[in-house]
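Visitor: pasted the sequence and its predicted model underneath.
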Number of protein chains: 2
Amino acid sequence: MAQPKIRNMEEFAVVSGISRPTLSKYFNDPDSVRLSSRQKIETALKTHDYRPNVFAVNQNRGRTKNIGIVVPNLADPFFSEIGREVELACLKAGYSPILLSSHGNPSLERDNLESLRSLKPAGVLLAPFGRASDKADIRNFNHNVPLVLFDANVEDAGEAFVGTNNFQSIDLMVEYLCRSGEPPCFFEMKTPTNPNANKRRQAYLESMDRHGQAAHIFQAGGDGWNFEAIGSVEGERMLNQKALPTNTVLCSNDRLAIGMLSAAFELGIRVGHRAECEIRIAGHDDHPFSRYTCPSLTTIAQDYAAIANRAVSTLFRVLESDERLAEREETLFDGRLVMRDSA
Amino acid sequence: MAQPKIRNMEEFAVVSGISRPTLSKYFNDPDSVRLSSRQKIETALKTHDYRPNVFAVNQNRGRTKNIGIVVPNLADPFFSEIGREVELACLKAGYSPILLSSHGNPSLERDNLESLRSLKPAGVLLAPFGRASDKADIRNFNHNVPLVLFDANVEDAGEAFVGTNNFQSIDLMVEYLCRSGEPPCFFEMKTPTNPNANKRRQAYLESMDRHGQAAHIFQAGGDGWNFEAIGSVEGERMLNQKALPTNTVLCSNDRLAIGMLSAAFELGIRVGHRAECEIRIAGHDDHPFSRYTCPSLTTIAQDYAAIANRAVSTLFRVLESDERLAEREETLFDGRLVMRDSA
DNA sequence: GAATTATCTTTACGCGAGACAAAATGTTAA
DNA sequence: TTAACATTTTGTCTCGCGTAAAGATAATTC
C-alpha cells in the first residue's frame, strides 16, 4: 500500500499507466481488456489499493449489481437458513446481495421493496408474506425490477416462483403415517400468515380422502410468529381434552410441532412411534432444531439448497437474457421424508 | 401520482415551484427551510412521487446515513434476535441499517467490513468473532469509520463495547444451582469461537472457588457452529460413561444444553430439578427455543434489547458529537436467571 | 415604513465515474 | 512489409445532486 491515497480513477490511471476509459472497462469486466493491460492494472492494484467509488459507478448505470433478498422474518430459522443459501449463491455469481427482513410485519415488506427500489437492484428475490393485499404491490414492483418469488407463491406475480411441492410432501407424510400406524389428524393455525399453510391443509384433505380415511383438522387461534407458543398452548388443550380421534398428529410446520411436543412432555404423554408411546407427532420443514427435540421430530425436509439455487439461477437467467420470461415459471421441489423418533 | 415521471431534482423544482438548492436543503433536513416552502414541497411530493437519487446524493456527501451491522452468523437465533433489535433501533433513528452475516466464517467478516467500507457508512456495529487475528483488522477499520462492538469484546478495538456481564451471570447461575442442589460441572467447547466462552469458564472457576466447591470442566471437541450436534454427541458420551462427579451440569450456552438435553432424552435419563430426576442441566443465553425444550431449559437471559439499544445509542452519540469518545466505553448488562424445569 | 434579518433564487462549479467519438497505437495474418 | 483488425488513448459530454456566491424577496423588528 503506497502512501499517497488514490482518490479516483484519474489518479489511478496515472500510477498504473493505463488510461481512464480502459480502466473503466477493466473494472466492468477484467476480461474485456488486453492481457498486458490487465496485468499492468493488477500490478498497480497490489501496491495502490484503489477501488471505484460505488456511488459514482451506480449513478451512471441504470442498473446495478445489487440483488435484493427480502424474507418475512429472519428470526425464523427456516428463513435465516434459506436466506443464507440465497445470499451465498448471489455472492458466488459476482453480485452483491442485500438481505432484508420484514420482521414479521407485512408493512415492512412494502417498505423494504420501496427502499430496494431506490437502490436500483438488478433483480430481487422475494419470499412474500403472501397476503392478497400484497399482490398489487408486488406486481407493480415487478413492473420495474425483475423479481423471482420463493417459498410462498403469489399468483401471477414475479417472473417465476420456486418452492416446495406441498401436495407431494404432505401426501408422502400422510402415506407414511397411515402405513405405520393410525391415520393423522392435522394441526394448524386458524389464520395462517403463509399461503403454504393453505396448500398443506388442502393436500392433507385430498390425501386422506385418497386413503379412504376421515380427515380431522384442528386449528389454533393466535396471531404472529410465536408458533411454538401457539402450538404449546393449543396442543396442551387438545391433549388434555383428549380431543384427538386418532393417536397421530401431523402439524402444518415444525414450529407448531415443537410447541406441541413440549406440551406433551409437560403432560407426561410419551410421544413417538414405539409401542409404549401414546401419541405420534410429525412436522413439516425440517427446522434446524427438529433433530434435537425430545423425541427428535419426524418431518419433511424441504430442499433449502435446491430452492435457493433455483431461485437465484432463474433470476440470473432473466437478467442475462435482459428480457422477461416468455411464461411465468413455477418450480416445485419434492420434500423428503425424515423419519426420526416422534412418529 | 402524475403521469410524467420526475427524473431529477431539477424537474421536481419546476413542478413544485421551489428552487433546486432549496429542495436539496429540504431533503437533507426538512426543518431547515421556511415552513411555507416546506408545505409547498410536501404538497408537490404527494402528487409527484419523487425521491432524490441515493447514489447521486451519496457521491457528493463524504458520509452517508448507512449503518453497517455485522454479525458472525444469522443462522444462530441469538444473533438473528439481536440483529433484529439493532436493525429496528437504527431505522427508528432515521438511519439505513445494512445487516450482514459472516455465515460463521471469519474471513467473510473481513469481506463484510471491506464491502461496508465502500458504502461509506456513518458507522458500524460489529459483533466480532473475536479471534486475536482480527484485532488489527478491526482497529484498522475503526481508523476510518466509527465502530461499536457488541456481544463479543476485542480489546481496545472500536469506540465502545456493549455486552453481557458473564461474571455476574455465571455467578448467578452457580449460586442458584449450589443453593438448590449439587454444585454444577461446566460443559463447554474445547476451542470456543467466541471470547465469551472463555469469560464464562473463568467465571465458573472463580464462582466455584468462592463457594468452596471443586470445579469440574468438560470440554467437547469439534469445530464450527453445530453446537447442538456437539452437545449431543459429547453429552451422550459423558452421560454414558457416568463421567460427571455431580448431578448438575452448567452448559456454556443454550445450544450445547439443547444438544445435551436431547442426548439425555435418548438415554432415558430424566432431567430436571424434581426429586425423581437424575440430572440437572442449565444453559446460558435464553435462546428463543429454550422455553420449548423438554424439559424447558433453566438458563440465563441476556438482555437483548438493552444491549442492542445501548450499542446503537452509543454509536449515535459518537456520530453526533462528530468526534471519537474520549475514552473507550465498556458496558456490561446483567443477565437474568430464568428458572424453568431443567435445573 | 424603513431597517434588519432570514430565506430564497440564480448561476455556476464539482464529485467520480460511464459512454462515446475520433485518433493513435498495437497486434495479427498474409 | 503491409494491409486489416483490435485495442487503447484523448477528449468531451452526461448523470443527479451538493454547495457556494451574489443578488432578490420575504419576514421580522423597532
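Guide: That came through fine.
Visitor: need phi/psi at the residue most central in space within chain A.
Guide: A centroid search over chain A (CA atoms, centre = their mean) returns A:Ile82, at 4.4 Å, as the residue closest to the centre. Taking degrees, to the nearest 10, you get phi -70, psi -30 for the backbone angles of A:Ile82.
Visitor: quick check, pLDDT for it.
Guide: The predicted local confidence for A:Ile82 comes out at a pLDDT of 91.
Visitor: please apply the same query to A:Ser133.
Guide: The predicted structure scores A:Ser133 at 63 on the pLDDT scale.
Visitor: quick revisit: give the contact list for the closest residue in space to the residue nearest to the centre of chain A that isn't next to it in sequence.
Guide: Ranked by CB to CB, 6 or more residues apart in numbering or on different chains and with sequence neighbours excluded, the top spatial neighbour of A:Ile82 is A:Tyr304, at 5.0 Å. Bear in mind the C-beta positions are built from the backbone N, C-alpha and C, glycine included. Residues in contact with A:Tyr304 (CB atoms under 8 Å, 6 or more residues apart in numbering or on different chains) are A:Glu81, A:Ile82, A:Glu85.
Visitor: got those as a markdown table, with distance to A:Met339 columns?
Guide: Below are the contacts of A:Tyr304 laid out as a markdown table (distance: CB to CB, whole Å):
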| residue | distance to A:Met339 |
| --- | --- |
| A:Glu81 | 21 |
| A:Ile82 | 23 |
| A:Glu85 | 24 |
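Visitor: how about CSV for these, with distance to DNA strand C added?
Guide: Formatted as CSV, the contacts of A:Tyr304 follow (distance: CB to the nearest atom of the strand, whole Å):
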residue, distance to DNA strand C
A:Glu81, 35
A:Ile82, 32
A:Glu85, 30
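Visitor: one step back: what about the residue nearest to A:Ile82, distance to chain B?
Guide: The gap separating A:Tyr304 from chain B is 11 Å, by CB to the nearest CB, to the nearest Å.
Visitor: state the phi and psi torsions of that residue.
Guide: When quoted as degrees, to the nearest 10, the phi and psi of A:Tyr304 stand at phi -50, psi -50.
Visitor: from memory the residue nearest to the centre of chain A sits against A:Ile69, does it?
Guide: No: the pair A:Ile82 / A:Ile69 is not scored as a contact, 9.5 Å apart, by CB atoms under 8 Å.
Visitor: overlap of the contact sets of these two?
Guide: Taking CB under 8 Å, 6+ apart as the criterion, A:Ile82 and A:Ile69 do not both touch any residue.
Visitor: for the stretch 101-250 of chain A, which segments count as strands?
Guide: In order along the chain, the stretch 101-250 of chain A carries the following strands (DSSP state E, counting those that start in this stretch): A:123-126, A:147-150, A:160-164, A:185-189, A:217-220, A:248-251.
Visitor: same question for the fourth one: list its buried residues.
Guide: Think strand A:185-189. Counting neighbours by 16 or more other CB atoms under 10 Å in any protein chain shown, one finds that the buried residues in strand A:185-189 are A:Cys185, A:Phe186, A:Phe187, A:Glu188, A:Met189.
Visitor: make CSV out of those and add pLDDT and distance to A:Gly221.
Guide: As requested, those are exported to CSV (pLDDT from 0 to 100; distance: CB to CB, whole Å):
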residue, pLDDT, distance to A:Gly221
A:Cys185, 97, 17
A:Phe186, 98, 16
A:Phe187, 97, 13
A:Glu188, 96, 11
A:Met189, 95, 8
